[in-house]
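**Q** Have a look; sequence and predicted model below, questions after that.
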Amino acid sequence: MPLDDFPFAVLRTLMPLRSPASVFAGGSVLQRHAFRLSDDQDIFHDSGEDIRAIALQDIEALRQAGFEVSLHRQLEGLVEAVVARETDGSTRVQWVESGSWTFFKPVPDPDFGWRLHMADLAVNKVLAAGGRRQVRDYVDLLLIHRTIMPLWLAIWAAPGKDESWSPGSLVEKIAMTNNFRQADVDEGILSTIVVSAAEVGATVRAGLDEARLVFQRLPDRHAGKLFVDETGGLVVDVDRILAGEADIRAVEATRGGNWPSGPDIDHLLVARVIAAFGRDGRDPAEM
């Protein structure tokens with residue numbers, strides 16, 4: 001999410017209030033250094049957290065900082081508000097009970113305070129694409145496949161977070177709705193670059209075709225797991241995985257995260273996005 005003054009001011013107000021149990025997530029974090037502009041902010045919480053109390057604390061901080069805040073929804077496990085400032089626009093903030101099953105522990109971040117690891121954001125996104133038909137999800141899948149991890153790795157790991165899916169069923173569901181037209185993209189996406197619906201569809205299709213081939217080779221016992229090396233780096237070489245190299249781990253999702261985290265734990269994934277689009281998503285990039 002390329003940051004202009006208004007969304008940055010919202011983040012600057014909310015980030016000091018974040019913790020490993022109340023983290024930024026969703027497309028705005030995934031696209032922080034990329035090209036798609038997001039009009040909402042998602043803050044994920046463990047099931048044991050009092051979401052309403054956290055939301056009210058954040059809302060009070062926003063109002064003290066001079067923002068107008070309107071509560072739109074208060075449901076079990078969800079609070080939604082619109083944050084605005086005269087002449088500057090508005091953004092939606094959602095406090096959600098979600099994300100307690102993760103592969104990595106939350107990551108401290110200079111922009112977000114605390115956020116989900118990029119790998120967990122990618123796995124969440126393929127699950128979102130399987131559960132709904134939104135053009136923004138497929139644009140994010142393009143970003144994931146080209147700069148963060150191959151789609152097969154995210155889809156293979158996804159059943160570790162949602163056991164209602166298998167890797168194969170998720171591939172086919174995503175493929176079924178990978179049919180957006182340019183008008184869908186133009187109407188549904190704000191971007192710093194021109195986004196081609198044909199390129200999005202072709203990239204996602206290529207990623208899914210690769211996934212089908214990879215899944216024929218991987219042992220079923222590892223479905224729902226994420227392959228990492230001893231430093232926590234993602235392993236995408238299928239031959240190395242099948243060879244059972246000693247430094248490769250098949251990591252399961254756990255409540256609160258399985259693998260240790262730190263300021264640099266996913267820096268290589270973030271660096272790939274910055275290399276492609278610049279630190280604020282404004283450099284020209286080929287789609």
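**A** Perfect, I can see it now.
**Q** shaky segments in the stretch 1-150 of the chain?
**A** 1-4, 99 (pLDDT under 70).
**Q** how about the strands in it?
**A** 22-25, 36-37, 40-45, 68-75, 78-85, 89-97, 101-102, 107-109, 113-115 (DSSP state E, counting those that start in this stretch).
**Q** As TSV, these with distance to Glu199 and mean neighbour count would be great.
**A** C-beta: built from backbone N, CA, C; applies to glycine. Listed next are the strands of the stretch 1-150 of the chain as TSV, based on distance: least, C-beta to C-beta, whole Å; neighbours: other C-beta atoms under 10 Å:
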stretch	distance to Glu199	mean neighbour count
strand 22-25	26	25
strand 36-37	14	20
strand 40-45	25	23
strand 68-75	34	12
strand 78-85	32	19
strand 89-97	28	18
strand 101-102	31	24
strand 107-109	30	20
strand 113-115	28	23
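**Q** Which one of those strands lies nearest to Ala183?
**A** Ala183 sits nearest to strand 36-37 of all these, at 17.1 Å, using C-beta to C-beta.
**Q** Identify the neighbouring strands of that closest one in the sheet and state each direction.
**A** Using DSSP bridges, strand 36-37 pairs in its sheet with strand 190-191 (antiparallel).
**Q** What mean pLDDT does the partner strand get?
**A** If you average the pLDDT over strand 190-191, you get 88.
**Q** Just want the most central residue of this protein.
**A** Central residue of the chain (C-alpha atoms, centre = their mean): Leu121, 2.8 Å from the mean position.
**Q** that older thread, redo the strands of the stretch 1-150 of the chain as TSV? Include distance to Ser196.
**A** Shown next, in TSV, are the strands of the stretch 1-150 of the chain (distance: least, C-beta to C-beta, whole Å):
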stretch	distance to Ser196
strand 22-25	27
strand 36-37	13
strand 40-45	24
strand 68-75	33
strand 78-85	31
strand 89-97	27
strand 101-102	33
strand 107-109	30
strand 113-115	29
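**Q** To Asp280, which of those strands lies closest?
**A** Nearest to Asp280, of all the strands of the stretch 1-150 of the chain, is strand 36-37, at 11.2 Å by C-beta to C-beta.
**Q** Please enumerate residues in contact with that closest one?
**A** Applying C-beta atoms under 8 Å, 6 or more residues apart in numbering, the contact partners of strand 36-37 are 1-2, 27, 31, 136, 139-140, 143, 189-192, 195.
**Q** Narrow those residues to those in helices?
**A** The helices, defined by DSSP state H, take in 27, 136, 139-140, 143 from the contacts of strand 36-37.
**Q** mind saving the C-alpha coords of stretch 133-153 as CSV?
**A** What follows is stretch 133-153 as a C-alpha-only set of coordinates in CSV (Å, rounded to 0.1, in the frame of the first residue of the first chain):
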residue,chain,number,x,y,z
ARG,A,133,-14.6,-13.9,-6.1
GLN,A,134,-12.9,-10.5,-5.7
VAL,A,135,-10.6,-9.1,-8.3
ARG,A,136,-8.3,-7.6,-5.7
ASP,A,137,-7.5,-11.1,-4.4
TYR,A,138,-6.4,-12.2,-7.9
VAL,A,139,-4.3,-9.1,-8.3
ASP,A,140,-2.7,-9.9,-5.0
LEU,A,141,-2.1,-13.5,-6.2
LEU,A,142,-0.1,-12.1,-9.1
LEU,A,143,2.1,-10.1,-6.7
ILE,A,144,2.5,-13.2,-4.5
HIS,A,145,3.5,-15.5,-7.4
ARG,A,146,5.9,-13.1,-9.0
THR,A,147,7.7,-11.6,-6.0
ILE,A,148,7.0,-13.5,-2.7
MET,A,149,6.5,-17.2,-3.2
PRO,A,150,5.2,-19.5,-5.9
LEU,A,151,1.5,-20.0,-5.6
TRP,A,152,2.0,-23.8,-5.1
LEU,A,153,3.8,-23.2,-1.8
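**Q** My guess is Gln74 contacts Leu56. True?
**A** No - the pair Gln74 / Leu56 is not scored as a contact, 9.9 Å apart, by C-beta atoms under 8 Å.
**Q** Report the contact partners of Val83.
**A** So Val83 contacts 10, 62, 67-69, 90-93 (C-beta under 8 Å, 6+ apart).
**Q** Can you lay out the residues you listed as a markdown table showing distance to Val270?
**A** Shown next, in a markdown table, are those (distance: C-beta to C-beta, whole Å):
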| residue | distance to Val270 |
| --- | --- |
| Val10 | 21 |
| Leu62 | 27 |
| Phe67 | 28 |
| Glu68 | 32 |
| Val69 | 30 |
| Ser90 | 27 |
| Thr91 | 22 |
| Arg92 | 24 |
| Val93 | 23 |
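**Q** This completes my enquiry, with thanks.
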